[in-house]
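S.K.: Kindly generate the corresponding structure for this input.
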Amino acid sequence: DVQLYVTDKERGNVNWTFHFIVSVHQFCTNVLPLMNITLNGCTKDNCYSTTNRVAGFPQYKTVTLTVPQSELSMEECAAYGVVEGASISFIIVPVTQYVYVNDTVIFECAINVTHYHPSFETYPSVDGSVLSSGGMASLSLTATSEVNGTEVTCEAPNGARTEPAYLYVQGPPDSVSSLTVYQLDSCCMFISWYPPFTLPRLTVKYIISVGTDQQYLNDSITNYTYCPMNPTNKQYLFNITTTNKAGNGSTSNITVGFESTIDVQLYVTDKERGNVNWTFHFIVSVHQFCTNVPPLMNITLKGCTKDNCYSTTNVSISNSSYNNISLVVQFPSNKTLNTNATLYYQNGVTVQSNTITI
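M.R.: Numbering: from 1, shown residues only. Sure, this is the predicted structure:
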């Protein structure tokens, strides 16, 4: 097992200079002579390669760095530090880790004296598997809620020890907070929330369900615009479930009343006077349908005087598109009629036009 780490970097006029540690684990007995090392750095389009010939056996180099005193500084310094005791120095120290329940966690430690074997101490004590060989050791364990907060240190045979690293374990996430929803316009609703707590570098995702519609959102999104295919005037129930690698968390729900605001305008385009009735030609203009227009089932035209109303549902439709409908209807003569149109759609939406006086 060969691990590559960046320990330092320097910026020049043209290139960056990088300082690496190449850490080699699990050689069986004697270390074989090292002939060459090639470093490859690749973008999407090109690779940059350099080969440096080395003679003989790899040598350990003690890097003099201040041991980070806090968990945050240890993380920011990429967890490289040196603790010196007698002639033994740590060249790899354990790193604080943030993991999910049931993840396999590995802490690593190495010293500059290959015939000594470092060891691990945990507080509180946990069961794990330790492999040790040639100045290196690794501790492997399964993350559970019981080991959350465990302190891990590496100790050399002369008593020198590293600063502690910690193991933090994330279970299924809590529910979202400050859940709000409102009607955005005549077509859509808008839902937003605050994310639950989660450990650094770990993610939480969201499952949003509205009836049979379901949407998965990643951790960077804390709002969602929902536009139903056929909006109807009713209550919409939103369920939002948090989830991560450890499993599904809590579900929160909220309800919003939705009212479709389809605008219908009625216009008279022509008229003909008969012996008994007038024949009127109308255009019904429909605005603000959202996406797919539901099938139109019926149109009722109603004209009312102070005393009576004249209503007809058997309207002659001469031509029609989704937002302009031509109608022909007869009303009795010698009347002043306040007239409007009512449209009935297959999804249950009923809309009424403006009222005009004839």
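
S.K.: Tell me how this protein divides into domains.
M.R.: Per automatic domain parsing, the domain ranges recorded for the chain read 2-53, 71-170, 177-258, 263-357.

S.K.: pretty sure Glu272 contacts Thr279?
M.R.: Yes. Here Glu272 reaches Thr279: they are 4.4 Å apart, a contact under Cβ atoms under 8 Å. For glycine as for every other residue, the C-beta is placed from the backbone atoms N, C-alpha and C.

S.K.: For the helix or strand encompassing Glu108, the averaged confidence score.
M.R.: If you go by DSSP states H and E, Glu108 is part of strand 104-111. Model confidence over strand 104-111 averages 95 on the pLDDT scale.

S.K.: Direction included, what does it pair up with?
M.R.: Sheet pairing of strand 104-111 (DSSP bridges) gives strand 88-92 (antiparallel), strand 136-142 (antiparallel).

S.K.: As a markdown table, the domains of the chain with mean neighbour count would be great.
M.R.: Shown next, in a markdown table, are the domains of the chain (neighbours: other Cβ atoms under 10 Å):
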| stretch | mean neighbour count |
| --- | --- |
| domain 2-53 | 10 |
| domain 71-170 | 18 |
| domain 177-258 | 15 |
| domain 263-357 | 14 |
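
S.K.: about what we covered before: what's the first helix or strand after the strand holding Glu108?
M.R.: Next along from strand 104-111, by DSSP H and E: strand 119-123.

S.K.: Between strand 104-111 and that following strand, find me the angle.
M.R.: Counting by axes from the mean of the first three to the mean of the last three Cα atoms, to 10 degrees, strand 119-123 points 130 degrees away from the direction of strand 104-111.

S.K.: Check the gap between Glu163 and Thr96 for me.
M.R.: Distance of Glu163 to Thr96, given as Cβ to Cβ, to the nearest Å: 10 Å.

S.K.: And Leu139, by the same measure?
M.R.: With Cβ to Cβ as the criterion, Leu139 and Thr96 are 14 Å apart.

S.K.: Kindly report the same for Ile254.
M.R.: Relative to Thr96, and taking Cβ to Cβ, Ile254 is found at 37 Å.

S.K.: how far is stretch 112-122 from where the chain is centred?
M.R.: 42 Å (Cα atoms, centre = their mean, to the nearest Å).

S.K.: excluding its backbone neighbours, what's nearest the residue most central in space within the chain?
M.R.: In the chain, the centroid-proximal residue (Cα atoms, centre = their mean) is Asn218; its distance is 1.0 Å. Counting by Cβ to Cβ, 6 or more residues apart in numbering, Lys205 is the residue found nearest to Asn218 once chain neighbours are left out, at 5.7 Å.

S.K.: list the contacts for the one you found?
M.R.: Neighbouring residues of Lys205 by Cβ atoms under 8 Å, 6 or more residues apart in numbering: Tyr216, Leu217, Asn218, Asp219, Thr242, Thr243, Asn244.

S.K.: who's in contact with the nearest residue to the fourth one once chain neighbours are set aside?
M.R.: When you say that, I think you mean Asp219. Nearest non-adjacent residue to Asp219, counting by Cβ to Cβ, 6+ apart: Thr203, 4.1 Å away. Applying Cβ under 8 Å, 6+ apart to Thr203 gives the contacts Asn218, Asp219, Asn244.

S.K.: Name the SS class of Thr203, please.
M.R.: Here Thr203 takes the coil state, with states given by DSSP: H, G, I helix; E, B strand; the rest coil.

S.K.: thinking again about what came up before, looking at the strands paired with strand 104-111, which is closest to Leu301?
M.R.: With distances scored as Cβ to Cβ, the stretch of those nearest to Leu301 is strand 136-142 (73.7 Å).

S.K.: helices or strands up against whatever helix or strand comes next after the closest one?
M.R.: Next helix or strand after strand 136-142 toward the C-terminus (DSSP H and E): strand 150-155. When contacts are defined as 3 or more Cβ pairs under 8 Å, 6 or more residues apart in numbering; DSSP states H and E, strand 150-155 packs onto strand 104-111, strand 119-123, strand 165-170.

S.K.: Let me see the residues that make contact with the next helix or strand after the last one.
M.R.: Downstream of strand 165-170, the first helix or strand assigned by DSSP H and E is strand 177-183. Contacts to strand 177-183, defined as Cβ under 8 Å, 6+ apart, come from residues 189-194, 196, 238, 240, 252, 254-259.

S.K.: Farthest pair within those?
M.R.: Pro196 and Glu259, at 32.2 Å, using Cβ to Cβ across these.

S.K.: possible to save the contacts of Lys205 as a markdown table with secondary structure and distance to Val328?
M.R.: Output for those, formatted as a markdown table (DSSP: H, G, I helix; E, B strand; the rest coil; distance: Cβ to Cβ, whole Å):
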| residue | secondary structure | distance to Val328 |
| --- | --- | --- |
| Tyr216 | strand | 51 |
| Leu217 | strand | 51 |
| Asn218 | coil | 55 |
| Asp219 | coil | 59 |
| Thr242 | strand | 58 |
| Thr243 | strand | 58 |
| Asn244 | strand | 62 |
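
S.K.: Thank you, goodbye.
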